[in-house]
Structure formats: structure tokens, C-alpha cells
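In: Give the three-dimensional model of this entry:
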Amino acid sequence: MKENRPLRVPPQALDAERATLAAMMLDSHAIATAVQIVSADDFYRPAHRLVAKGIFRLFDRNDAVDVVTLTDELRRTGDLEKVGGEIAIADILDSVITAAHIEHHATIVREKSLLRQMITACGEIAEGAYQEPEDVGSYIDQAEHVMFEISEGGPRKGFVAVKDLLHDSFEKIEKLYNEKKLVTGVATGFTDLDTATAGFQPSDFIVIAARPSMGKTAFTLNVAEHVSVDLRAPVAFFSLEMSKEALVQRLLSSLSRVDGNRLRTGFLRENEWPRLTTAAGRLGDAELYIDDTAGITALEIRAKARRLMVETGGRLSMVMIDYLQLIRGHGRQENRQQEIAGISRSLKALAKELSLPVVALSQLKRPTDSKEISRRPMLSDLRESGAIEQDADVVVFIHRPEVYGAAEKEGIAEIIIGKQRNGPIGVHELHFNKSITRFENLARVRSDEPR
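Out: Down below sits the predicted model:
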């Protein structure tokens, strides 16, 4: 006969809850500390949740918080009797005599709340698994997403009233006004592009597209190098085409300015070794993480990016993918165009979920005649273009006229912003050094030329 398990009480710490509430009634500075750690919903006892909500409402209105004002506030909202009346408020206040330990007590309350959330989430995940969902991979991704949100300490988002967003928006605008920064996102290192985009913005899905031999991978690696080496911010680079060893060789060539062919064959000059050693040292200190798994799926990319975000302590600044059309679908869609649409949506969702720019390289359609080959690319040239064009916040094309015989444009690459949801479009020029596969600002190259 199967034994009945005893009913278990969910994780909770009522003493810590009372101590947290009491500290907030004693000292307004304690409230400022507590709101960064807990929300009212983190309190286990319903009466404590109501008291916390009352305190946070008073604090939000910049009203004084004490036994008298809190009692009046709870009476106004009809919650005073629900929490046990004035005697219950006084009893909570007697829990502590100082607010000195507010951070410790609030953290305990928060941690118990996270454990309860995990219990609930795991129960729901198990229940969903018993239903045997048809798309197992997608269900695993959803389950991991739920657990990731809990590990990040953030509740699932619902509707938010505009009035509740205005304060943060004004704070951001005021901060930007005071700082007078041209780049508010992640800088690419390319001055004109950064000026036009203000950097690659958090939550944006950015597509870099070009025809073969234009330097898509080189451009993306140059950005990854700038962010990880110069800005010292972690970058995830998914390479579905080139091996990680080949990418490292390219990075060494670009950073040391040593010819890539000589680097691959080992025919180096004596004076190039110091530059190569210096470049290796700088790359060794950088937080650039490369995954060259072939045939990876969008779900795997999302899972690995989430884990890396946790491993870097929430500092992951950018996810880069080379390239979009090589991402493997689930094979359940009727055609590849539908698969690409699902992949594109998944990458946009990843950008929003992790609040960082996701940069994906993309192929262009095969040109139908010689005129199409040499002209500047446009949005309609994107391969499986419909979903990519719709999901992307920014689309950047790379075009090098010299490839098509334009001698006057030798060494010049056109960086074409074909779409920018929150900014201007236009054409900007960079210098392309083919021998070291490196894009550079034209102003810098011209300043280095002999006069």
C-alpha cells in the first residue's frame, strides 16, 4: 500500500517578513533598500503582503511611513481589518528595534519567494510534460525560459500602465541629456555607424547582410573584437560556417595587422612576432566566447546564451550569429521560408528576453542578371526576406563596389543602413583592408597616409 506523504508547508520565513516590514516602518531609507530586493508579492503571509503594499504605496507618493500613516492608508483601502487591525500593525513594529539588518532580512524573504516560485513552476512544467506536447524541443525551451526568469529574479511580465513607465523614461532621458553621449547602446567601433544608430541597442535584432566575399564575417568579427577587447564586455559568437580555430586566426591577423595568408602558412617576418604576441595577449584577456557547433538550432542558441548570461554574472553584452540561414529548423514547417520565419522570431525574442543586441548575418537572394549583381542591395534582396525584414530592428548591408570593377572605390566598403526602426537610414563608408580582413574608419586611415 502506498504511503500518503505529509502535507508540506512551502518555504517561508515569517520572522524575516515581520522584521522587514518593521524596519520599513522605522526608517524610510530602509524602504529604499527593500524595494530593490523584494516586492509585496514576495511575502508569504497574505496579511504581510497587504502591509507591504501599503508601505510601498506611501513610499511611492513620498508620504511619511509610520504606524499612524500606514494604519490610515490600510483603513482607506479597506485592508486594515484584513491584516488584523491596529494591534497587528503594532505587533509587527515590535519585531525589531533597528532597521540596520533590512538588507539581510529582505534577502531572506526574497529567497524564500524564489523557492516557492520554483516549486510552482516545476509543478506546472511536470504537468505540461504529462500532456506529451507535440513539439518537445519548443516545450523544453519554454520550461528553460521560465526557470531562467526565476534565476534572474524577475517575474513574468504582464500589462504595464504607461503612467508607471513615465518615471523611468524621464529618468533615462534626463540621464542621456546630462551625459551628452552619442552612443547609448553597444558601440561597434565604427564612428559613422555608431553616430547613425547610437550603437547597437539592447533588445534589438540586427541583421548584417551582403553577397558572398563582401566581408560579412570580417565585419562582425571586427565588432566582436571591439566590444570584447576594447570595451571589455562579454560577447557570444555562434559560428555555423567557420571553425573556432579559423576565427581565432582571423582575429589575430586583424588585431596584429599581420597578413592573414602569412599567418596561415607560417611565413612570418621577424618584426611581426612582437605584434602577434601583443595581439594574443589582448585576445586572451577578452571575454569573447565562440561556439562553432554545426547545425545548431535556434532553441540551442537561446539556451546557450541564457547560460552564458548567468555565467558572466549578467554582463553578456551581445550575441552574434554567423549566419542565419545555417541555423537548423525543426523540420516541422512546410518549407524553409517558414522555418526561417520561426528562427527569426526566436532570435528577436532572445534579444528582448536578455535585453541585449542579437546580431545575425544573412545571405542575399541570388541575382537574376549582371545589373542586379553590381547594384547596392536592398531589403527585398534578403533571402527568405519577409520574416527577417519584419522582425529586424536594424538591417545593415555591406557593399564593396571594387568587387564589381569600380577602381575608383578601391578599398572602400559601403555600409548601408537599409532599415532602422528608431533612427535614420543611409550610406556610410569604411575602409576595408583585405589582407588582414579588417574594416576601419576612413578618417583614421586617411590620417595615417603620408602627406
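
In: C-alpha only now, for contacts and for neighbours.
Out: Fine.

In: need the next SSE after the longest helix along the chain, C-terminal direction.
Out: Ordering each helix of the chain by length in residues (DSSP state H) puts helix 102-130 first. Remark: after helix 102-130, the chain's next helix or strand is helix 136-152, criterion DSSP states H and E.

In: residues making contact with that next one?
Out: Leu114, Gln117, Met118, Ala121, Ile125, Pro133, Pro155, Arg156, Leu299, Ala303, Arg306 (CA atoms under 8 Å, 6 or more residues apart in numbering).

In: And it, what's buried?
Out: Tyr139, Ile140, Asp141, Ala143, Glu144, His145, Val146, Met147, Phe148, Ile150 (16 or more other CA atoms under 10 Å).

In: Reformat these as CSV; add distance to Leu364 and pLDDT.
Out: Output for the buried residues of helix 136-152, formatted as CSV (distance: CA to CA, whole Å; pLDDT from 0 to 100):
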residue, distance to Leu364, pLDDT
Tyr139, 32, 85
Ile140, 32, 83
Asp141, 29, 77
Ala143, 35, 85
Glu144, 33, 80
His145, 32, 76
Val146, 35, 81
Met147, 37, 79
Phe148, 35, 72
Ile150, 39, 78
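
In: out of these, who's nearest Val310?
Out: Phe148 (8.8 Å; CA to CA).

In: separation between the closest one and Ile296?
Out: 20 Å (CA to CA, to the nearest Å).

In: neighbours around the nearest residue in space to Thr195 that is not next to it in sequence, how many?
Out: Spatial nearest neighbour of Thr195, excluding adjacent residues (CA to CA, 6 or more residues apart in numbering): Leu182 at 6.2 Å. Residue neighbour count, defined by other CA atoms under 10 Å, stands at 15 for Leu182.

In: Check the one 5 residues further on too.
Out: Ala187 has 21 neighbouring residues, counting by other CA under 10 Å.

In: mind listing the strands for the stretch 351-451 of the chain?
Out: Along the stretch 351-451 of the chain, counting by DSSP state E, counting those that start in this stretch, strands occupy 358-362, 394-399, 412-420, 426-433, 438-441.

In: strands paired with the last one, and their directions?
Out: The reference is to strand 438-441. When pairs are called by DSSP bridges, strand 438-441 turns out to pair with strand 426-433 (antiparallel).

In: One more: the second one?
Out: Strand pairing for strand 394-399, determined by DSSP bridges: strand 205-209 (parallel), strand 412-420 (antiparallel).

In: quick one, which of those strands is nearest to Leu247?
Out: Proximity to Leu247, assessed across these by CA to CA, is greatest for strand 205-209 (17.7 Å).

In: And for that closest one, what's in contact with it?
Out: Here strand 205-209 makes contact (CA under 8 Å, 6+ apart) with 200, 216, 347-348, 351, 357-364, 382, 388, 391-398.

In: any chance you could map the helices in the stretch 301-450 of the chain?
Out: 336-354, 370-374, 385-391, 442-448 (DSSP state H, counting those that start in this stretch).

In: Dump these into CSV; add mean neighbour count, distance to Ile417 and mean pLDDT as well.
Out: Output for the helices of the stretch 301-450 of the chain, formatted as CSV (neighbours: other CA atoms under 10 Å; distance: least, CA to CA, whole Å; pLDDT from 0 to 100):
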stretch, mean neighbour count, distance to Ile417, mean pLDDT
helix 336-354, 20, 18, 86
helix 370-374, 12, 18, 67
helix 385-391, 19, 13, 79
helix 442-448, 12, 17, 64
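
In: want to try JSON lines for those helices, with distance to Val51 as columns?
Out: Putting the helices of the stretch 301-450 of the chain into JSON lines (distance: least, CA to CA, whole Å) gives the following:
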{"stretch": "helix 336-354", "distance to Val51": "32"}
{"stretch": "helix 370-374", "distance to Val51": "68"}
{"stretch": "helix 385-391", "distance to Val51": "44"}
{"stretch": "helix 442-448", "distance to Val51": "61"}
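
In: hmm, back to that, Asn62: which of the contacts of helix 136-152 is nearest?
Out: Distance to Asn62 across those (CA to CA) is lowest for Pro155, with 25.4 Å.

In: ok, now how distant is Ile373 from His428?
Out: 20 Å.

In: and if you look at Met25?
Out: The spacing between Met25 and His428, counted by CA to CA, is 58 Å.

In: The two: who's more crowded?
Out: Using other CA under 10 Å as the criterion, Met25 and His428 rank with Met25 on top: 25 against 18.

In: my guess is that one contacts Asp94, does it?
Out: No. Under the criterion of CA atoms under 8 Å, Met25 is not in contact with Asp94, lying 10.5 Å apart.

In: thinking again about what came up before, okay, the strands of the stretch 351-451 of the chain in CSV with mean pLDDT and distance to Arg110 next?
Out: What follows is those, written out as CSV (pLDDT from 0 to 100; distance: least, CA to CA, whole Å):
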stretch, mean pLDDT, distance to Arg110
strand 358-362, 94, 31
strand 394-399, 93, 38
strand 412-420, 92, 40
strand 426-433, 91, 48
strand 438-441, 91, 48
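
In: Just send those strands back as CSV, with distance to Arg282 too.
Out: Conversion of the strands of the stretch 351-451 of the chain to CSV gives the following (distance: least, CA to CA, whole Å):
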stretch, distance to Arg282
strand 358-362, 23
strand 394-399, 28
strand 412-420, 27
strand 426-433, 21
strand 438-441, 17
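
In: Domain parsing of the chain, as residue ranges.
Out: Split into domains by automatic domain parsing, the chain comes to 7-158, 177-448.

In: Among the ones you listed, which comes closest to Asp168?
Out: domain 7-158 (13.2 Å).

In: Poorly predicted segments of the chain, please.
Out: Applying pLDDT under 70 to the chain flags residues 1-6, 152-160, 176-177, 179-180, 330-334, 367-372, 383-385, 444-451.

In: buried ones in stretch 424-435?
Out: Ile425, Val427, His428, Glu429, Leu430, His431, Phe432, Asn433.

In: Relative to Thr265, which of these is nearest.
Out: Asn433 (19.1 Å).

In: Could you check how far the closest one is from Ala413?
Out: For Asn433 relative to Ala413 (CA to CA), the value is 10 Å.

In: How about Val359?
Out: The gap separating Val359 from Ala413 is 19 Å, by CA to CA.

In: Spatially nearest residue to the one residue sitting closest to the centre of the chain (excluding sequence neighbours)?
Out: For the chain, the residue sitting closest to the mean C-alpha position, by CA atoms, centre = their mean, is Leu356 at 2.4 Å. By the measure of CA to CA, 6+ apart, the closest residue to Leu356 outside its immediate chain neighbours is Pro202, 3.9 Å from it.
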